[in-house]
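**Q** Build me a model:
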Amino acid sequence: MPASRPPGREERGSAIVDVVLVSVLALAVFLGVFQLGFALYARNTAISCASEGARVGARSGSLPGAGVDRTRELLGASLSPRYAEDVTAHVETVDGVRVLVVRVRAPLPVFGPLGVDGALDVTGRAFEEDQ
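**A** Presented below is the predicted three-dimensional model:
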């Protein structure tokens, strides 16, 4: 005759396993949302810095290089000097109006601040004042 066990004894310790499994899943979701937020922050900051650099470079009597320098300065202070390595500027004509375009190619943060180089490609534009 089998020995009788008290009811519920075979599930002893299962609550600990449940808590661990749910905690791991919740942590993964939290880290994913946090990383998405950081990637959007980096993108929006790069756009803002490129736009400010374009406005500086498009001022009357200024050169496009001044816009590149200002963009690099802002990116280095806001994110990291690594994000300011590939900044270029050129002048385009749109419907007869000269526009300074500052382009930033930076890493897209995938794991913390580390990411794929050049995957984040943003531009800032400003009308040149001396036309």
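**Q** in the chain, what spans have low per-residue confidence?
**A** Counting by pLDDT under 70, the chain shows low-confidence ranges at 1-11.
**Q** ranges for the helices of it?
**A** For the chain, applying DSSP state H gives helices covering 14-57, 64-78.
**Q** quick one: Asp95 and Thr88, what's the gap?
**A** Distance, Asp95 to Thr88, using Cβ to Cβ, to the nearest Å: 23 Å. Any C-beta I mention is one placed from the backbone N, CA and C, and that applies to glycine too.
**Q** And for Arg59?
**A** Distance, Arg59 to Thr88, by Cβ to Cβ: 18 Å.
**Q** Tell me who's in contact with Val101.
**A** By Cβ atoms under 8 Å, 6 or more residues apart in numbering, the residues touching Val101 are 54, 89-92, 123-125.
**Q** Mind doing that once more with 6 Å?
**A** By Cβ atoms under 6 Å, 6 or more residues apart in numbering, the contact set of Val101 is 90, 92, 123, 125.
**Q** Fine, thanks again, bye for now.
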